[in-house]
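**Q** Sequence first, predicted model second:
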Amino acid sequence: MRGDYQQLVDEISAALGAPATLEDRDFGLIAFGAHEGDDDEVMDPVRTRSILQRRSSAAVRAWFEAFGIARAKTALRIPPDPAAGVFKGRICLPVRHGGIVHGYVWLLDDGHLTHLALGGQGTEPDPRIAQAMETAARIGAQLADEARAGSELGDLLRELLLAGRAGRPPAAAALGDALREGLRFTPGSPLTVVAVLPWDITDTDAAPLPNLPGLLAACALPAGGGLPDDAPDAAAGAGPGRDGRTGGGAGAEGSSGTSYPPEPAPALAALVRLRSPGSLAPAHTVAEQLLRSPRAGAVPAAAGTRPPRTASRSGGGATGSAPPRPGAAGIGSATGELAGLPDSWQEALDTARAARAEPRLGTVAQWDTIGSYRLLTALPDTEPDAALAPLLAPAHAELARTAETFLDCAGQAGRTAQLLGIHRQTLYYRLGRVEKLTGLDLNEGEDRLLLHMGLKAARL
């Protein structure tokens, strides 16, 4: 299929005598035409970056979208904008099918296309532009077919990941049949699930998946986890998750007038085929590429995680550190059974939550590397322990950070002071204040455990 796109892009390049690039509607690279000739200046920096990094920058996307390319039905001329890194003008051919834009063909204009009639507003386009638009429509039809196939697989994946224990075998069988038929999937092949949190689900009508090696299917899911067997509508996100929490509308009110917390921001679940059970490298590649999508880390206004109860209200993290990063990805354990994917999904989602809360885990983390967060992410979302509540107030964010660093360093004062950049006596003074605020004795193991786990849980 991707070879077909390359052939069609080459047709457009040949018809107009200009280098052409095909991107999906999220500006992910699909194919590009050959750059012929000896003029190195034709290699526009934006085109070079798109080819090398497989995606355009945010500034470039904003510049192009400002010209209404998502609504255009005819070719558009885009002027250069050096401030956005667009040093050459180009012609944009919207790739549409069924009233939906699926991507864009970009033609660099080095001057010989300047007087080319693009059509529109009662004028006829140049025959070469008309021919190129016909080819773009063929590309749109193929992208639409891919989107439909991907949507069907995504729906089956969603049904499996949200199924209760009793519903997993039939859901797994349906997904397996579809994978074998459409992707020649071999039963027993090692698989895993990648979770990207948060994921913007606005304007997702038939958007195709990026062309990433190993990516078989993807769907957006509530970040609260799976649902029980008797849930009336799994896809709606109503019902308890793994930690017993229930989802509700964003800021909705029940019949009793009670205000419910906002529904957690959606997460993307991506099904990835592995080369071997012990190698998660394909999952890392998929996760890193998905995090570059403009949908990753973007939270719609109607959704989002509930406001933290602790110091993060003042702009810092729950324990005085930086706030959670815009987006993170988690990778679940590998499995050879489709029925095991819901467990891998829950691990991936918990890992993504931990990675957003703990910068040391990195933007992409694996379930087996998050340590104590494997336990913490499974705990109910409750109020902090009463002993810790005073320490988690915004005014004591620095004390909380000091205590967490001290406990992370296994109580080694010298190492803690060095990491915090303070004198050891300053450290002892702060720890004394922590004990006074909480009533805990940092010489007691049980008290240290309560404080350490409480501070970590506050991040989540």
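**A** Looks like it came in fine. Residues are numbered from 1 along each chain as shown.

**Q** Grab the most central residue of this structure for me.
**A** Of all residues in the chain, the one closest to the mean position by CA atoms, centre = their mean is Ala296, 3.3 Å from it.

**Q** how close does Leu437 get to Thr402?
**A** 12 Å (CB to CB, to the nearest Å). C-beta coordinates here come from the backbone N, C-alpha and C atoms, glycine included.

**Q** what's the following helix or strand after the helix or strand of the chain with the lowest mean pLDDT?
**A** Every helix and strand of the chain was ranked by mean pLDDT, DSSP states H and E. The lowest is helix 45-53, at a mean of 53. Under the assignment DSSP states H and E, the closest C-terminal helix or strand after helix 45-53 is helix 58-65.

**Q** hmm, back to that, find the residue closest to the residue nearest to the centre of the chain in space, skipping its chain neighbours.
**A** Nearest non-adjacent residue to Ala296, counting by CB to CB, 6 or more residues apart in numbering: Gly327, 4.4 Å away.

**Q** try Ala403
**A** Ala403's closest residue in space is Val434 (CB to CB, 6+ apart), at 4.8 Å.

**Q** for Gln366, same thing?
**A** Closest to Gln366 by CB to CB, 6+ apart is Ile331, at 4.7 Å.

**Q** residues in contact with that neighbour?
**A** The neighbourhood of Ile331, defined by CB atoms under 8 Å, 6 or more residues apart in numbering, consists of 192-195, 280, 283-284, 287, 348, 351, 364-367.

**Q** again, only using 6 Å
**A** Residues counted as contacts of Ile331 (CB atoms under 6 Å, 6 or more residues apart in numbering) are 194, 280, 283, 348, 366.

**Q** Might you specify the subset of the residues you listed located within helices?
**A** Counting by DSSP state H, the part of the contacts of Ile331 found in helices is 283, 348.

**Q** sorry, back to before: look at Leu437 and Thr402 and report which has more neighbours.
**A** Neighbours around Leu437 and Thr402, counted as other CB atoms under 10 Å, are more numerous at Thr402. The numbers are 25 against 19.

**Q** Just confirm that one contacts Arg430, I think it does.
**A** Yes. Between Thr402 and Arg430 there is a contact at 4.6 Å, judged by CB atoms under 6 Å.

**Q** Please enumerate the helices of this structure.
**A** Using DSSP H, helices in the chain cover 2-16, 45-53, 58-65, 127-161, 168-183, 281-291, 341-357, 373-376, 397-408, 413-420, 424-438, 445-459.

**Q** Now distance to Ala31 too, for those, in a markdown table please.
**A** Compiled in a markdown table, the helices of the chain are given as follows (distance: least, CB to CB, whole Å):
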| stretch | distance to Ala31 |
| --- | --- |
| helix 2-16 | 4 |
| helix 45-53 | 10 |
| helix 58-65 | 18 |
| helix 127-161 | 9 |
| helix 168-183 | 20 |
| helix 281-291 | 16 |
| helix 341-357 | 30 |
| helix 373-376 | 40 |
| helix 397-408 | 48 |
| helix 413-420 | 48 |
| helix 424-438 | 58 |
| helix 445-459 | 42 |
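
**Q** Please read off the pLDDT at the residue nearest to Gln366 from the model.
**A** Reported pLDDT at Ile331 in the predicted model: 98.
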